[in-house]
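**Q** can't give you the sequence, but here's the structure:
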């Protein structure tokens, strides 16, 4: 009966391949209006006038401004600084100022273009360097949303003893999540029934929390229902709170259901992207390649409002020193404000940025001291019993030496390195394709950082039916990554029942408990463990009641459920998060057990570089990782392959062009993601080392594959060309400048 | 205007605005919501349908152009309660994740196999190059296509 570890087909697969799965834009309600957002025409300034122009029947429209908000005009999240609608001042060029609704969506679009918002402009800041330099103070006292300091040992005293001190600077650009389903929500809202929202989202309870404040209503008057969600990747973590609130405000005022669906251009220009970053490294090493001191300055551009920047910064900071042992580490990090739309969650959440810098820098240090990239890393890998930058003692078996050896074998790294060196020299001066191979070694912590999971207090419930089915009630969403399937596998394994006996209840805050947000590679590992505990509780209740023998089959289980429900009315159990033992975190000093578990990985990229066109192409990719136990090999490989493809896009394809704080190329025509023709064979391998506190031994994997590809590809390009590139995305035009 | 066309084998007669996008007519007037909008400019392929044996992005087709045509959408790719071999393979081999590109991707794969029953890997990559997926990295989609034709 065991289903863990098997390639069980996706639970909702049939609905998806037949087109029957219902996404938010597939829903419609009687009398429904369409809603639209009118945005600021200017990046920063005071609103002086709003006028309604053109040949538009304005009296037919529902118009909502900040004055119509029944409760608090902020999106409740961390600092609550982002308004739902700008009342008198705008801080970015896509800031929502006014909402419109009408039953005719074509007329609505016409009307949107005829609302004129006048702004008395103030000087904006568009990039992190200008923000750090306080060219203008645009947020708080110093433009800084959040800063962290990780300080281990004594970095200042280590420089004198170094044989080499190596410095480097690395940058990453913004990246659009580009889920293929745009953001959207439908709301029904009135004072009698309260507010109900259907939408595409990762975190129904984030939306719930935000709407409770926006409408100043009791929690049970707000109901949030997740519809089938066409990808998220972080892009539907915090943004749906905004669009859901907008739809609900229009519905509240009009008394009718209101649907807001962004088109692609609006979704790309207005919603969150990956934080751009700049990282400086200064590293002290001995001549035999031991790290003595690491000093890192990590800065991310948060955009106009704080949103999730503190937590993105936190993850980026903790991952900045990687899977290496060093006695003296100082990481200073800041998230700063600029007048661009707020940057937000995107798979990896700060870690891909800081790991890009680190793994490029590790190659630079190796070259400086005359060691190979692999040998230098081997001399500094972390092992069981040693400590990370936050002084977390690694308590699990970790064998990065072995992972590296295996990944280099799988990719034929050494032979290729030698062959490419020979061939690249032989083809000099002939506009040939140069080839190279490079790698990155890294780790990714699963779950919320530090004490985050304890604060979340996630809950999962399980409920039996008279037919002997078991329903899982959780707010964790299926967004393509396989939540429905993984939860069903975990539950069926724990109960000894068929996969088909498990039903996953649609996330609906009116029905399911808060199992926390669907983020941070936490759904399988953390919430999956709660699923396991909840169904185990259910089984024990049945056994304890004497209705179910210790050894049972499917029909005995069904009979016991029916008898229990007949006798007691219902059978439902819940499980609340308990931290694993020995997890301690100090939020003040930023020291301690940052994550319950890490996944460990070595990614190897082979690239070609065309000297004539300056195009770089990934030819082969090996992704080897240790992720605890693999719960479903097809889903797990799918996560890795998809993440690597996004990371290849991040590195070589996806260039957000900024113009006055706005994304200028907000179309799929000119913001290019990899197509089927662009992706190399992605060869995925797992090492299994069951994690004691994960369900069936699993650790989180969702974000991991976003981390390693970018530095591996640039390390390979340097191997191919001899030129060092340290900023991504790396487009052909930038590549060209490296050779002139 | 009044147009007459066949959708998934059924003759339909509809009063339409001639420049309405076929995508909107399918979704809003015929409630065939399996056809998805991803970009509205013919880049992503989520709105793929088959018109008279050719795959087309339905977001770029004014409905007036399909008068007298035969259209197949994801709802008509297999009989009621049946699955096309491509759909079955997508379920078994991880070809679908979030599912939003899946209807278009399935139709592109069906069309590819109709024209080329045993495609090479390059044929598959090129045959599906007009359909974007952000979840899978395409590996499992390629595998699903191969499994479908080997069946």
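**A** Thanks, I have it. Here the structure is a predicted model, which is why all the values come from computation and not from measurement.
**Q** can you pull the contacts of the residue of chain B found nearest chain A?
**A** The minimum distance from chain B to chain A, using C-beta to the nearest C-beta, falls at residue B:34 (2.0 Å). All C-beta spots, glycine's among them, are computed from the backbone N, C-alpha and C. Counting by C-beta atoms under 8 Å, 6 or more residues apart in numbering or on different chains, residue B:34 touches A:18-20, B:73-75, B:103.
**Q** again with residue A:87
**A** A:47, A:65-67, A:73.
**Q** what's the farthest-apart pair in the residues you listed?
**A** A:47 and A:73 (13.7 Å; C-beta to C-beta).
**Q** got the contacts of residue A:87 as a markdown table, with distance to chain B columns?
**A** Listed next are the contacts of residue A:87 as a markdown table, based on distance: C-beta to the nearest C-beta, whole Å:
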| residue | distance to chain B |
| --- | --- |
| A:47 | 30 |
| A:65 | 28 |
| A:66 | 30 |
| A:67 | 33 |
| A:73 | 32 |
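**Q** in strands only, show me these.
**A** residue A:47 (DSSP state E).
**Q** residues from the stretch 401-550 of chain A in reach of chain B?
**A** Residues of the stretch 401-550 of chain A lying near chain B by C-beta under 8 Å from any C-beta of the partner chain: A:479-482.
**Q** host element of residue A:566?
**A** In this structure, residue A:566 sits in helix A:554-568 according to DSSP states H and E.
**Q** likewise residue A:409?
**A** Going by DSSP H and E, residue A:409 is in helix A:400-410.
**Q** just residue A:439 next, same as before
**A** Element membership for residue A:439, per DSSP H and E: strand A:433-446.
**Q** and that strand, which strands flank it?
**A** strand A:597-610 (antiparallel) (DSSP bridges).
**Q** now do the lengthiest helix in chain B: distance to the chain's middle.
**A** Longest helix in chain B by number of residues (criterion: DSSP state H): helix B:102-115. The chain centroid and the centroid of helix B:102-115 are separated by 6 Å under C-alpha atoms, centre = their mean, to the nearest Å.
**Q** how about the next helix or strand along the chain from that helix: buried residues?
**A** With elements assigned by DSSP H and E, the helix or strand that comes after helix B:102-115 is helix B:121-127. Buried residues in helix B:121-127, defined by neighbour count with 16 or more other C-beta atoms under 10 Å in any protein chain shown: B:124-125, B:127.
**Q** helices of chain B, residue ranges please.
**A** Under DSSP H, chain B gives helices at B:22-24, B:85-92, B:102-115, B:121-127, B:139-150.
**Q** enumerate every residue touching residue A:159.
**A** With contact set as C-beta under 8 Å, 6+ apart, residue A:159 has these partners: A:165, A:284, A:293.
**Q** what about stretch A:70-83, start to end distance?
**A** With C-alpha to C-alpha, to the nearest Å applied, stretch A:70-83 spans 13 Å between its terminal residues.
**Q** list the contacts of that stretch.
**A** Stretch A:70-83 is contacted from outside by A:66, A:84-85, A:87, A:139, A:145, A:206, A:209-210, A:212-217, A:238, A:241-242, A:245, A:252, A:304-308, A:310-311, A:342, using C-beta under 8 Å, 6+ apart.
**Q** run the chain-centre distance for that stretch.
**A** For stretch A:70-83, the distance to the chain centre is 22 Å (C-alpha atoms, centre = their mean).
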